[in-house]
Each structure stands twice: as C-alpha cells, then as structure tokens.
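Next come a sequence and a model predicted from it.
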Amino acid sequence: MKAYSYAQGSTTCLVGFFGYSSGVIENVTLAEDCAVRVTATGSQYLNVGSICGVLGGNYIANCHNRAYIEARSLFDDIFAAGILGFDNQYNPVYNCSNANDVVGFSTWGIVCVSGLVAANAKVVNGYNTGNISGTGPSVEVGGITPSFAQLNNVYNTGRLTATGRSIIPESEPVATASPIVASYGASVENGYYDIACVEDTTGMNVKGTAMTADEMKSFAFAELLTSHAASLVKSDPDLPEMLSWTVRPEENDGFPVFGEAVEAGGWWTSAGNYDISWYDEAEDSFSISSPAQLAGVAYLVKNGRTFEGKTVTLTGNIDLDGLKWEPIGKANLQQIFKGVFDGGGYEIHNLRSEVISTGEAYSGLFGAIYQAQVTRVVLAEDCEIRTSYYGGGVVAYAQESEIVSCENRASVSFEGPAGYVGGIAGYVVSTSSIDRCENLGIVTGTVQPSDNYASCLVYAGGIAGVNQESAIINSSNHAVVAVEALPEYDSCAGGIVGYNSGSSTFIANCYNVAGVQLSGSGFAGGILSYTDNADIRVANCYNIGTVSGVPGKSYPVVPILSADSEDCYYLMNCVEGEGSYAGTALTVDYMKSTAFAARLNDWSKTNNSSETGRQTLYWKVEDAENDGYPVFTDQDPGYTGVESVVSGVRIYPTTVSGELFVCGAESPIYICNLAGHIVSIIDPTEEITVVDMSRLVAGVYLLRTGGKVVRLVKL
C-alpha cells in the first residue's frame, strides 16, 4: 500500500488511512514509501495516525506503520502517533507496531506525540522502534503513548526528544519525554525500553523495565514477550488473536518482531471442545446434559445468539474439569444472554472461571444477562470464580433480570484496582431481583493500587456486590465476606449486599450468619454496608455474623440513618466497640427461639397480604439446621409470639431511678443500651430478682430475659 496524506484547514483535523472509525480495523500496513504530512492553520485539535486519526469504538489489530509521520500547526493542539492519533474510549490496539519517525511541532498549542497512540491508549502486545520528537510550549513525548494509558506487553527502542519552545519570554515551556509512558494516569504491565532511548531520566517516575539493546535483541527477550502474550490469552477469552514473538536478525534491526498466533486452547469455547449440534434456531426449548453442550450455550451467545424467547434446561449434573470456563454472555446487546436458563437443581462441578483482563472482565457461570431469568442453578464447592472486575458465582452482571432459587458454594474472589463481587451476583441493576438464593462460598476482594483509576476499591457482598434499584429477598449468606482495601479509598463488605445504589431498592427477609471482615478503609455491615441513597428499604433481616472493620464504619445490620430499616435484628456484641446502630440487638437464646421466628413471621404475613407482588418466605426453628437460628420455610409454622417459659415474667417499674423487680425469670437478665451492648448481667433468683439501676447513667435501656424484651427509662 502506498499513501501520501496532506491536510490544511480551519476545522478539527482527523488524518490517517482512516480519518475516523468506530469499526474494527485489522491487517493494514503502510509501507516505507508512504508518508503522512499534515499542516493545520486553524484547527482546535489535530489528530494524526498512520492507520486512524480518531477511534470511536471497537479496536485496531495487526496493523503496522513504516511511513514517516509529521504534524505541524500554528495554534493547534497536536495528537500524533504511529498508529492512532486519539482514542475516544480506551478502545484497544492489539499486535501493532511503528518503525518510522513521528514528528510534532506547534507554535502555540500542546504537542502529544508517541510511537503507537497519542492519547487515551489501551495497547496490548505492541512495539515502537521509530524516533519520536515534539516541539512546542507544552510537549509530551512517549515511546508507546504520552500519558493516560493501559499498557501490557509492549516495548520501545525509538529515540525520544522533547523540545520546549515558547514565543512568550516570561512563559516557561514544559517538555517531557518518557521511555514508555508518562507516570500519571497510566498503568503498565510488562513494559520494556532501550536504556538509551532517552538521554536523561533523572527525576522521572519511569514506568517499565530498562534493558540494553543486546538484551532486547536476544531470543530470551522474545520468549519473555511470548510468555506474557500466552498468559494474556489464557486469562482473557475476549482478547482477539495474540501474536507470539521471535527474533529475525535481518528484520527490525534485530529487535523482536511478531510471529505466529499464540495457541488459545484451554477454554471450553475453544474449537473442538463445545457442542452446538443440539441447537435449532426454529426451536424455543432445549434440554442439555453434557459439559460440551453447556459450553455450546456460551459459544452461541458469544456469536450473537442471545436466546431471547428461548429456554435452556439442564437435565443432569455437569463436570467441567480440565478446561477453563468462558462465562455465558458479555455486556453488550449482541452478546448478552436474554433467555431463560433452568439449572434443574443439578450440580455443576469444577467450573473454573478466571477472567483477568486489562479492561472489563466478567467471571461466573454467566458473564452478563439482560431481561433474562436464571433459576435453580447449583455451583458445587469445587468451583472457583476469579475476576479483575465483575464476578459472581451465578452471574457477574444482571440487568432487568431475575435470579431465582440458586445456590453457590464456589469461592468468588476479586483482585485488581476496582471491582464488584458477590456470592450470587457481582452487580444487579435496573429492576433486577434475586429471590430464594443461598451463598455458601467465601467471597474475597483484594484491591491493588493503580494510577489509571480515580478510585481503587471493591464492593463485595455475600449475595451481591452492588444492588442498584433492584430487590433481594428470601436469601441468605453462610460464608465469610472479606475485603482488603487500600487506605485512601472506601471499599465495602456486606453480609448480603456490599454497596446499595439508587432509589426504589429493596432488601427483605434475608439473613447472614457468617463473618464480615474489612481491612484498610471502608464500610462493613452484617446485611448492608453502605448506600448512596436513603430512599431504600431494608426489612425483616437478621445478622449473627461478627462484623469487623473501621470503627464508626462497621454496622451489625445497616448504616444508621442512611437506610429505612424496619424489623431488623442482630446478635448482641457482633460488632466490636461502642456505637449507635440501626436494628434491635438480641441474645443468642432469644434468636434461637420460636418467639423470634414468630416475630419474623409477623412481618412476612403482613407483607404477603399487602399484595406487593413480592411474596416472602416464612421462618422456622430446627435445632439441627443453621445451629438453631431461624431458617426459611414455605408454610407458616404457626408459632406464637411468646414461649411459655417466659410467659409469666413480670418486670416493674419500667421507669426507674433505683431498683426494679423481675418476677418469674428463669434465664439470665441482660441490661443493654440502645446500641445493643450489654451493661449488666444478673442471674435470676427463684422468686423476685432485684436489679439495681442506680449506677447507670440516665437514658433508655433494654431488659432482656429469655424471649422477654422490655424498654426501660432510667431517670
């Protein structure tokens, strides 16, 4: 291909083989006898790349530039690079290279020039060997990109020159040249550069690894780059074909060049591993029973079959051992699951969903669903979910969808700069619902620092990481939720939900029995740890799990005053330290009593008769289940509100300055403050027990004995 480009105008200039593109650009090479020269006299921005001026969507892959590039302007800001001038949305650039000079000059404007992408770059598997130079009053030169970038497996050997020049005597010019990318707004993994590419790096926060030219021309370096490319393919099924690296002494001055494609393999959706023979577009209902057929669902959705209006039913246990699982559905309308999936209550074993991506990652049985229903899915304890962004045992991301009667025993973990993880779902949004679901798998989140994110944090929950304008009802968590947060940003860990967003959100008839742990900065809650909107409802929930986190930001049920909590309860002393908490503190004995179950059932009865459309389960107490604490049941067991053992207890007076009297108590008598902390314990006597209140400060207290709870006013 031969091309010569020259532009002169008074509007914004977009210059390249493509001036602007929102589509996929692949396999384009500009040869050495091509040139891209641009002179602009009145534009606001000058965006220049050999392949594309501005990329507005999709990606560029397997494109190479050998053409000379020059961009000049009088007043304009310049963004010029070997491949792409300006990337609107961090759209990816894969397997690309530049091997000729890029020059930028502006008398008055900003100059950003680089080897591959001039602004907002996401570059994976690429290199630059061309010399890059910029001149102007404010200059940024980068081997791969000047700044604001996500880079992985890249190298630069081109010489970099930044010349500050100002026509205003009192104005000090700014000029920086970075071997790979400027330190601000950028993340670099596996980045390398020739130590001689910049004359002086003193005082620079240089990203990447410096090497000599001889080291970079070695087969060992090419093998290192190939190993990184292979690792990317193994951890992210959404990547297009990644190329390996090799050294051919007669090419590229002996520096590594691209070789054959890296074998993807290892995924259930790889060729030869999936089965779609059962699928007929004319049918609306399908039954599947093998691992390959389940993988066929993922393959079909990935290739545009959304299953809208169709139902898939699992008819037997599934063992996915041996290969990695690519989640069903991605977060775009062409590749998202829109159907009904009925797991039949059968167990799925050895699912390994590990999606670690330089961009958005979705891990779980399902990656993303929209206007869909997923029901009766069971993930066994030998399954594992790992993600660097969205992760859920059943679904990573759900929009306008229903998740019903699902059970997760898989571990769900997040590690990265920002993410959302939950035992059942990572993120539920827009009138979605989770109903009658149970999590028994540990949920963990570890936040890693990154210059490329405004906030580095994770929202983790036993049922859902984030609940946005959706409902979670009749669900329970039985496994630890643990978050390791950074000290600078607030993460969230909740027994049921980590973070609640938006109005019209409903969390009801749920319980948590496991520990909630947060280290670093953030919020922890037995049911919900944080909400950004007070117009939500949390009702008829209880927590007995220990909540540990930042003092003043850890709550036994929900944050006080930030959520409308009604009929919510927690085990006394489940949060360390003093504090004012929403909900009612109760003793172990009372929470294991039929009186407590009856109290919970009173709310369920009222809700079910109110025609809200969301029917709630009833509660029962069985010594052999849940360590004796209430569990769900379909039928009202008919418990009365007070057990006979405490029916004869009398407490008087309830407004007191000195002594009060308790008659008929058979259990220890607890005096608690409104935060639920015990301030006094008295063993009952056979007839009348005298309780001395005189030493307590004035205020309101609760007296509890067995199932009896009385409010006291101390004068």
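Okay, I see it.

List the buried residues of stretch 151-159.
151-159 (16 or more other C-beta atoms under 10 Å). Glycine gets a C-beta too; all of them are placed from N, C-alpha and C.

Widest-spaced pair of those residues?
Spatially, the most separated pair among those is 152 and 159, at 23.6 Å (C-beta to C-beta).

Show me which positions of stretch 250-261 end up buried.
Applying 16+ other C-beta under 10 Å to stretch 250-261 flags 252, 255-259 as buried.

Same check on stretch 161-181?
161-162, 164, 173, 175-181.

Farthest-apart pair in the residues you listed, please.
173 and 180 (22.9 Å).

Check which helix or strand the closest residue to residue 277 other than its chain neighbours maps to.
Leaving aside its sequence neighbours, residue 277 sits nearest to residue 296 (C-beta to C-beta, 6 or more residues apart in numbering; 8.0 Å). Using DSSP states H and E, residue 296 maps to helix 291-302.

swap in residue 498?
Judged by DSSP H and E, residue 498 forms part of strand 497-501.

Please name every helix or strand in contact with that strand.
strand 418-422, strand 457-461, strand 464-468, strand 528-531 (3 or more C-beta pairs under 8 Å, 6 or more residues apart in numbering; DSSP states H and E).

winner for burial among those?
strand 457-461 (a mean of 32; mean count of other C-beta atoms under 10 Å).

so what strands line up beside that one?
strand 418-422 (parallel), strand 491-494 (parallel) (DSSP bridges).

Which one of those strands lies nearest to residue 537?
strand 491-494 (15.6 Å).

Could you list the buried residues of the closest one?
For strand 491-494, by 16+ other C-beta under 10 Å, it's 491-494.

how about the CA coordinates for that strand, as PDB?
Written as PDB, here are the backbone C-alpha positions of strand 491-494 (Å, rounded to 0.1, in the frame of the first residue of the first chain):
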ATOM      1  CA  SER A 491     -14.400  -0.200  49.800                       C
ATOM      2  CA  CYS A 492     -17.500  -2.100  51.100                       C
ATOM      3  CA  ALA A 493     -18.100  -5.500  52.500                       C
ATOM      4  CA  GLY A 494     -21.600  -6.700  53.400                       C
END
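
Need the nearest residue in space to residue 303, chain neighbours excluded.
Nearest non-adjacent residue to residue 303 (C-beta to C-beta, 6+ apart): residue 335, at 7.9 Å.

One more: residue 416?
residue 388 (3.7 Å).

Kindly report the same for residue 241.
residue 261 is the one closest to residue 241 (C-beta to C-beta, 6+ apart), at 4.8 Å.

Return the residues in contact with the one you found.
Residues near residue 261 by C-beta atoms under 8 Å, 6 or more residues apart in numbering: 241-244.

Show me what it is bridged to.
residue 243.

Could you do residue 70 as well?
The partner residues for residue 70, given DSSP bridges, come to residue 37, residue 103.

repeat for residue 140
Assigned bridge partners for residue 140, using DSSP bridges, are residue 112, residue 176.

Was I right to think it contacts residue 160?
No - between residue 140 and residue 160 there is no contact under C-beta atoms under 8 Å: 10.4 Å.
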